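**Q** Predicted model and sequence follow; I will ask about them next.
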Amino acid sequence: MYSHGSESLIKQAREIQEPELQRFHSRLVKLLQGKELGHEAVDSLQRLHIILSATKYTRTLPPELQKSLHSLLSSPAEQFQVLSSAVLRETLPLSGQEGNCSQENFIQLNSHAAALVLSQAGSRAELSSLCAQLLRSLEGRQSEGPATSLTHILPILNTILTHSPESLTEDHVTIMSKKLVDWLRYASITQGGSAPSGGFFTGPRPRQPVPIAELDGTVSGDFFTVLCVGQSFTEDQWMNVYSFSMLRHWLLTYRCVSNGNNTADTDDRSEVDGSVVSMVSATSSSSRLLPPKERLREKAFQYCQRLIEQSDRKAHKKTDTDLQKACLVEAVCILDSVCGEDASLVFRAFPCIKALFGRLSSDLSFARVLLPIAQFYLNHGEMAAVDCESVWNLVFGRFPAELFDHQFLAHEFLRFIRLNLESLQLRVPQYPHSFPNLLKFLAWDSPAVVDDFVDLLPSLVTAGTAVELLHTLLDLPCLSATLVLQVRSTCLPISEPSGRGLLSLDAFRSQSFRGLFLFLLRGEAGSGDTIDRLSTLHEMLTETADWPRVVQCAQTVPVLLHIFFNTVIAIADQKLLAHLVQVMLERSSLLLNIPKYNKEIHRVFSRHLLLLCKLHPSVVVDQSHELLEFAGATANVYSKEEIYTHVVWVLGEYLSVSCDSRCSVMLITSCFETLEAVLFEITSSAPPPGADCPVPRAVTSLMSALAKLASRSHDLIPRVSLFLSKLRTVTRGGPVAWCSDEEDLVAIVTRGEELWSLLKAPGVAQSVLTPPQPVTTPQWHRDTNVAMPLQLRALTNLTHSQ
């Protein structure tokens, strides 16, 4: 939404009349023709931009004004470059000027002018023509233009490559590859310097060229790279830096360039005319015999190896140390790219990469460098037949355990996993067992990484880890609190005065409870599904229930549980599913007491308990003892009404011979007696102190379950009928203690009367309460023995004929 002032300006710009606009154009032309441009020119250009951008129609400016704006693109003041470029992008170019930029224009081209040129290139042909002109300007000798003429061209080419790589032809790729080789490998090895201001006798005596230096101050003994330092850089050294910055992008995208219309001379000529190093190298380098793309890969390989060697030098400044790390990341990524194109380079690169990993693996400040190294091992380790176990132990072990609070690393690490998910599942045995460590990123900063784990969680669910993973997801708020305590324990002194969080912090530092916290902080799965003293742990973490990180973490658990159950149902056998049902029943009362958290978890458990039992009804018989024990606890009616209602419904629905032949009359009777005792207890007494009345759905579910069980064992029908008749009699006497709402009571009684009427006819009751499978899942449209398919076909033919 715009402010009132902004809306007023936009309204004025839209309502401006053509005569007034023409007068404004004339004033602006005169203003721009002045010798000095001040605040009035800035204000006028800003107003013109508002007028042009406030309407959906594209306007055309007078030719004289457009020429003045074009001249501003080369203004020394960047503010005028920005404004003129923004204005011209809102207008149509003059007729015949679309994409009409000569080589002289490119000499003064800057990033703002480039944005204009690219925006006016309306087709692939125009972009291709633009590329050709840019490359011709690159091929010209540096003495033909100012010293800074070439530095703007590579960013423009990189932009074209990003948005429209198909506009480059094979000729362009060949030329560009040659120039990149020149700049990367054959840049000057002496520092740049300013020319003398006077003549031969009047000017100062020129100094001898000073060689470039390494970051540790020593004189460089090899070719120039981005990690070389000096007082000033020459033009080709700046192009070396630009080339390295776009090299990886170029290597990754030039493969899609069309092979058609290739008229370039594939015989590789001298790279840089006048370069002494290039001329000397021409006689000794065998890579000169390679085609341009292959030679670029070779030079990129040599460049990256030199960067890795330079990174081992001790830098004097922190900024140079950060530069070393950034260059290492880029160098390893480029090596990974060139090895992906040319497999023969893998065996040459691995000794260097292996040595680099050995040097950096003990220092986690190089974690951002170690991730590309892990990518290299993942992509090429199998071909080189190298042992990658130490790499994965570091990546999936120490990284999450010690760097869980580094947000940027967490983003890069999870992105690495997402991009390589299939390869990690196939080649890295540590991956599916690393979820206790990986979930630390989620426990520490849930909002930032929850989207990543929504995608990653299915890959972590296996038959061997499903039970432990379920426990871990339920304990995520505890893990979040533990991570906060771990960070605080390193910051706060042991003898801290009384203050917030010290009770849990003391427990964290106590040796008596150390094992509980160490289990939460474990690095891999396999040490046990859960711990025995969960209730003790929850008591110690009670005060953490309102910490922001813990609350945010708890909000993500229901989402992840849905993903977990949807995944595990597809891969688990009946034994595992039965175990998961047992875990759900046990953990429904063992959760950290966070407001609304328990109810959300119970809701998730209830939904997936129904889905699980619907797909595998025999699970109810397998876990009948645990289900009956849960349903027989009257306290669960008041504290876990959501999941209790669904457990009762599952028992009544699937405890049947039609679902499992192992379901005996004794089992049905046992279940009936358990539910009957609970129903009798909650309807004959007031709720416990501090508890609300049982929800009507729990009462009606108990009544329905008893009626269903009685319809399968007719000896139980009199007992149900007697209870239902007593219930009707009791409620006629007025309000009851176990139901405070009159409408709820009426609904319960009505349900009881319906069931009582059904049970008067046992055969009808069994058909209604326990219908056979053909009734619940009809397939009349598929059954050829009935007339329904014929009728459907006849109706289809009639509708289609109309």
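**A** That came through, no problem.

**Q** and after the helix or strand in which I51 is found, which helix or strand comes next?
**A** When elements are assigned from DSSP states H and E, I51 belongs to helix 39-53. Moving toward the C-terminus from helix 39-53, the first helix or strand encountered (DSSP H and E) is helix 63-72.

**Q** what residues does the next helix or strand after that following helix touch?
**A** Toward the C-terminal end, the helix or strand that comes next after helix 63-72 (DSSP H and E) is helix 78-89. Taking contacts as CB atoms under 8 Å, 6 or more residues apart in numbering, the residues outside helix 78-89 that touch it are 37, 41-42, 45-46, 48-49, 52, 61, 66, 69-70, 72-75, 110, 112-113, 115-116, 119-120. The C-beta positions use only the backbone N, C-alpha and C, and glycine is treated the same way.

**Q** hmm, try it at 7 Å
**A** Residues lying outside helix 78-89 but in contact with it, judged by CB atoms under 7 Å, 6 or more residues apart in numbering, are 37, 42, 45-46, 48-49, 52, 69, 72-73, 75, 110, 112-113, 115-116, 119.

**Q** Over to stretch 373-387?
**A** Around stretch 373-387, the neighbours that count as contacts under CB under 7 Å, 6+ apart are 332, 335-336, 339-340, 343, 346-347, 350, 353, 356-357, 388, 391, 395, 416, 420, 423, 427.

**Q** 8 Å instead?
**A** When contacts are taken as CB under 8 Å, 6+ apart, the neighbours of stretch 373-387 outside the stretch itself are 332-333, 335-336, 339-340, 343, 346-347, 349-350, 353-354, 356-357, 360, 388, 391-392, 394-395, 416, 420, 423-424, 427-428.

**Q** how about that stretch: buried residues?
**A** Burial within stretch 373-387, assessed by neighbour count using 16 or more other CB atoms under 10 Å, is assigned to 373-381, 384.

**Q** Of all residues in the chain, which one is nearest the centre?
**A** The chain has D452 as the residue nearest its centroid, 3.9 Å off, counting by CA atoms, centre = their mean.

**Q** by contact count, what packs against the helix or strand that contains that residue?
**A** Assigned by DSSP H and E, D452 belongs to helix 446-460. The criterion is 3 or more CB pairs under 8 Å, 6 or more residues apart in numbering; DSSP states H and E, and the helices and strands that helix 446-460 contacts are helix 407-419, helix 421-427, helix 435-444, helix 548-571.

**Q** again, 6 Å this time
**A** Packed against helix 446-460 by the contact rule (3 or more CB pairs under 6 Å, 6 or more residues apart in numbering; DSSP states H and E) you find helix 407-419, helix 435-444, helix 548-571.

**Q** Any chance of the ones you listed in JSON lines with distance to T151 as columns?
**A** Listed next are the helices and strands packed on helix 446-460 as JSON lines, based on distance: least, CB to CB, whole Å:
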{"stretch": "helix 407-419", "distance to T151": "29"}
{"stretch": "helix 435-444", "distance to T151": "40"}
{"stretch": "helix 548-571", "distance to T151": "46"}
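
**Q** closest one to V736 among the ones you listed?
**A** Checking these against V736 by CB to CB gives helix 548-571 as the closest, at 35.2 Å.

**Q** The closest one to helix 435-444, inter-axis angle?
**A** An angle of 140 degrees separates the directions of helix 548-571 and helix 435-444 when computed by axes from the mean of the first three to the mean of the last three CA atoms, to 10 degrees.

**Q** so where do the helices sit in the stretch 451-600 of the chain?
**A** Along the stretch 451-600 of the chain, counting by DSSP state H, counting those that start in this stretch, helices occupy 466-474, 476-491, 502-509, 514-520, 534-540, 548-571, 574-587, 597-615.

**Q** hang on, the earlier thing: how about the helix holding I51, which residues are buried there?
**A** Here helix 39-53 shows 41, 44-45, 47-52 as buried, counting by 16+ other CB under 10 Å.

**Q** what about S684, neighbour count?
**A** For S684, the tally of surrounding residues (other CB atoms under 10 Å) stands at 12.
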